[in-house]
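Engineer: Would you be able to build a 3D model of this:
(2 chains)
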Amino acid sequence: MQPPVDTDRLAKAQMTRLIREDWGRILAALTSSVGNYSLAEDSLQDAVISALQVWPRKGLPDNPAAWMISVARRKALDRLRRQNTMTRKEDELAQWLEMHQDAPDTDIATIPDQRLELIYTCCHPALDQKSRVALTLRALGGLSTEHIARAFLDKPEAMAARLTRAKKKLSMAGIRFKLPDPEDIAPRTDAVLRVIYLIFNEGAHASNGDLTRGDLVTEAIRLGRILSALLPDNTETKGLLALMLLSDSRRFARVDASGNFVPLEAQNRARWDRAKITEGLNLVEIALSHAPAGPYAIQAAISALHAQAATFGDTDWPQIVALYDVLRTRTPNPIIAVNQAVALSYAQTPQVGLAALDCLLPDAKLEAYQPYHSCRADLLVRMGQVDAAAQSYRRAIDLSPSKAQARFLEHRLRALYIG
Amino acid sequence: MQYMLLIYNAETNGPQPGTEEFGPYMQGYIDFTAEVREAGKLIGGEALESVASATTVSVRGGKTELVDGPFAETKEQLGGYYILDCVDLDEALKYAAKIPDAAYGRVEVRPVMIFD
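Structural biologist: Here you go, the predicted model:
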């Protein structure tokens, strides 16, 4: 044991760091040994509470991770014994825990890394999408239920109930803690990537200045890094990580001093995060090195072309249009088509862009999609059709998911008649 | 683990007796049953007569009440089931996808409760 830590605050900070860094690995190791995710998570939570009480008094143990595993195993045994009846399986588990209460005194680095099993379990397609997202943030990210609820603007009770249901399903339905069968790896990995990208988008589309939701972006990138390290040969994982880094590199240029949204063409490119761009560009190169490139790699390549342009005018629009063509053959999607129409308007003329948008109608989903109307409005402005543009802006304002976006569009609408 | 695979479909949906598709469809069931039997997975399974033959029973206040018809008047009805012994949900889901009616209706996969 090291000398006692002076203040609670320091211990808590160290604890938080440990939980955030090692939570996923410890939880994966525990789940693997007790064979039950729910029991593993509850017991680890118990161990965290113990650590908060013990560590400030006795000092940090030499090997915090081994300490946590050992205490969590004891807590799991307590939990099993507190039940009135035990099934045969639980009885066997209790005996095993009794014999293995002390974790091998090894560093976290030598505990077999089973986070991949954990992430595939949390993103199992038999769980509904939102539960996969919540469970992944809880299990791999070590985020508390309250934190996840806040980030998704849900009531803590509702999020707790969702997590409980998901954990119950994991154990009752017989979803095993394992890697997917070889023939399932591709679709199951896609499901994991989708969860990470959902977390990212949830954070990225949050109203600006909302730090809790901004955390989701950081968390998604962290999960992307973990997955990329665990699946070194999977280029789509690199593609997703690149896409998130490149998009996030513009985070601080996307809002002005008063918190208003700044579109790409008006952003101060000096405020783009160069470190993220460099890392993102390197990853894009790897992601594109294996044909056929997946949808995340292609979107990252588009984002990379924006990142490489010194000014908005320097953007390689024809190349972006071509990449959208490839993307549309992979994932036919009207939203991609809207983005391509914008690229076309710069590669050629606003008229060509507008014609491309018109080709997409009628499509009820698209007509309820805010960016469709704001893009249309922008093109009409560039063509000098003020009244038609105003009509599209009004429609876009009505459909805006956030106040910040509505404010931005209202500003554009007013500028039509002033400027 | 044992799983019950409940096969739901609208009775008028999918290949109907007397049509050209009906033969291959039924052969699909014969093949599937043989496959799960040979793999040592089959615990049981039956097809059910049409919902037109169903009677629903309830007892309230000691009095037995009968209703002509199925429990719920839904478009898709329980048409049959398999009980399979699988290593985990993944295996059960793969078998469920092979049931011929999965291509027309839906198959619900439920673990059988263990009392021990």
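Engineer: I'd guessed A:L264 sits against A:T311; true?
Structural biologist: No - using CB atoms under 8 Å, A:L264 makes no contact with A:T311, being 11.2 Å away. Placement of C-beta: from N, CA and C, glycine included.
Engineer: Please identify which of the two sits among more neighbours.
Structural biologist: Neighbour count, other CB atoms under 10 Å in any protein chain shown: between A:L264 and A:T311, A:L264 has more, with 14 against 8.
Engineer: which SSE is B:G44 in?
Structural biologist: strand B:42-47 (DSSP states H and E).
Engineer: next SSE after that strand?
Structural biologist: Strand B:42-47 is succeeded, C-terminally, by strand B:55-60 (DSSP H and E).
Engineer: Run through the residues of the stretch 1-150 of chain A sitting next to chain B.
Structural biologist: A:T87, A:R88, A:H124, A:A126 (CB under 8 Å from any CB of the partner chain).
Engineer: Can you tell me the closest non-neighbouring residue to the third one?
Structural biologist: To tie it back to what came earlier, the one meant is A:H124. A:I175 (5.2 Å; CB to CB, 6 or more residues apart in numbering or on different chains).
Engineer: For the one you found, which three-state class applies?
Structural biologist: Under the three-state scheme (DSSP: H, G, I helix; E, B strand; the rest coil), A:I175 adopts coil.
Engineer: State the distance from the most far-flung residue of chain B relative to its centre to A:G24.
Structural biologist: Computed with CA atoms, centre = their mean, the residue of chain B farthest from its C-alpha average is B:G61, at 32.3 Å. Distance from B:G61 to A:G24, counting by CB to CB, to the nearest Å: 56 Å.
Engineer: remind me which residues of chain B are low pLDDT?
Structural biologist: Applying pLDDT under 70 to chain B picks out residues B:116.
Engineer: domains for chain A, by residue range?
Structural biologist: If you go by automatic domain parsing, the domain ranges for chain A are A:8-104, A:114-208.
Engineer: least reliable of those going by mean pLDDT?
Structural biologist: Among the domains of chain A, domain A:8-104 carries the lowest mean pLDDT, a mean of 85.
Engineer: For chain B, what is the nearest residue in the stretch 201-350 of chain A?
Structural biologist: Closest to chain B within the stretch 201-350 of chain A is A:L231: 19.2 Å, counting by CB to the nearest CB.
Engineer: in the strand holding B:G44, what's buried?
Structural biologist: Residues of strand B:42-47 classed as buried by neighbour count (16 or more other CB atoms under 10 Å in any protein chain shown): B:L42, B:G45.
Engineer: That one vs chain A: in contact?
Structural biologist: No - Strand B:42-47 is not in contact with chain A by CB under 8 Å from any CB; minimum separation 14.8 Å.
Engineer: Give me the contacts around that strand.
Structural biologist: B:Q2, B:L5, B:Y29, B:T33, B:V36, B:G79, B:G80, B:Y81, B:Y82, B:I83, B:L84, B:D85 (CB atoms under 8 Å, 6 or more residues apart in numbering or on different chains).
Engineer: repeat that for 6 Å
Structural biologist: Residues from elsewhere that reach strand B:42-47 (CB atoms under 6 Å, 6 or more residues apart in numbering or on different chains): B:Q2, B:V36, B:G80, B:Y81, B:Y82, B:I83, B:D85.
Engineer: which one is the third one nearest to, not counting chain neighbours?
Structural biologist: Pointing back at B:G80 there. Leaving aside its sequence neighbours, B:G80 sits nearest to B:A47 (CB to CB, 6+ apart; 3.9 Å).
Engineer: A:C122 - how many residues pack around it?
Structural biologist: 24.
Engineer: check contacts around it.
Structural biologist: Applying CB under 6 Å, 6+ apart, the residues near A:C122 are A:L135, A:T136, A:A139.
Engineer: Can you name the residues of chain B that neighbour chain A?
Structural biologist: Contacts of chain B with chain A, taken as CB under 6 Å from any CB of the partner chain, map to B:M1, B:D88, B:L89, B:P111, B:D116.
Engineer: tell me the contacts of the fourth one?
Structural biologist: Residues near B:P111 by CB under 6 Å, 6+ apart: A:A173, A:G174, B:M1, B:Y3.
Engineer: Got phi/psi on it?
Structural biologist: phi -70, psi 140 (degrees, to the nearest 10).
Engineer: Now do the strands in chain B.
Structural biologist: B:2-9, B:42-47, B:55-60, B:63-68, B:77-85, B:106-111 (DSSP state E).
Engineer: Just read off the phi/psi values of the nearest residue to B:E11 once chain neighbours are set aside.
Structural biologist: Nearest non-adjacent residue to B:E11, counting by CB to CB, 6+ apart: B:S50, 5.8 Å away. Main-chain dihedrals, B:S50, degrees, to the nearest 10: phi -60, psi 150.
Engineer: One more: the one 4 residues further on?
Structural biologist: Note on B:A54: its backbone torsions stand at phi -80, psi 140 [degrees, to the nearest 10].
Engineer: What about the nearest residue to it once chain neighbours are set aside, how many residues nearby?
Structural biologist: Excluding its sequence neighbours, the residue lying closest to B:A54 (CB to CB, 6+ apart) is B:P70, at 4.5 Å. Close neighbours of B:P70, defined as other CB under 10 Å, add up to 17.
Engineer: same deal with A:Y197?
Structural biologist: 19.
Engineer: In space, what's closest to it - neighbours in sequence excluded?
Structural biologist: Residue nearest to A:Y197 in three dimensions, not counting chain neighbours: A:L240, with 6.1 Å by CB to CB, 6+ apart.
Engineer: so is that neighbour in a helix, a strand, or just coil?
Structural biologist: Put simply, A:L240 is helix when judged by three-state DSSP.
Engineer: Tell me the predicted confidence for it.
Structural biologist: 97.
Engineer: Within its local environment, how many residues does it see?
Structural biologist: A count of neighbours around A:L240, defined by other CB under 10 Å, yields 31.
Engineer: circling back to that earlier point, between which two of the contacts of strand B:42-47 is the distance greatest?
Structural biologist: Greatest spatial distance among the contacts of strand B:42-47 (CB to CB): B:G80 and B:D85, at 18.1 Å.
Engineer: pretty sure A:A347 is touching A:I320, no?
Structural biologist: No - with contact defined as CB atoms under 6 Å, A:A347 does not count as touching A:I320 (7.3 Å).
Engineer: more neighbours, the two?
Structural biologist: Neighbour count, other CB under 10 Å: between A:A347 and A:I320, A:I320 has more, with 23 against 18.
Engineer: The more buried one: helix or strand, and which one exactly?
Structural biologist: Using DSSP H and E, A:I320 falls in helix A:317-330.
Engineer: picking that back up, mind checking which of the residues of chain B next to chain A land in helices?
Structural biologist: Among those, the members falling in helices (DSSP state H) are B:L89.
Engineer: which residues sit in contact with A:A347?
Structural biologist: Neighbouring residues of A:A347 by CB under 6 Å, 6+ apart: A:W317, A:P318, A:V321.
Engineer: Can you select the buried ones from those residues in PyMOL?
Structural biologist: To isolate the buried ones among the contacts of A:A347 in PyMOL, judged by 16+ other CB under 10 Å, type:
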select buried, chain A and resi 317+321
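Engineer: can I get the contacts of A:A347 in CSV with pLDDT?
Structural biologist: As requested, the contacts of A:A347 are exported to CSV (pLDDT from 0 to 100):
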residue, pLDDT
A:W317, 97
A:P318, 96
A:V321, 97
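Engineer: Now render the contacts of A:A347 as CSV, adding distance to B:T56.
Structural biologist: Below are the contacts of A:A347 laid out as CSV (distance: CB to CB, whole Å):
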residue, distance to B:T56
A:W317, 66
A:P318, 67
A:V321, 61
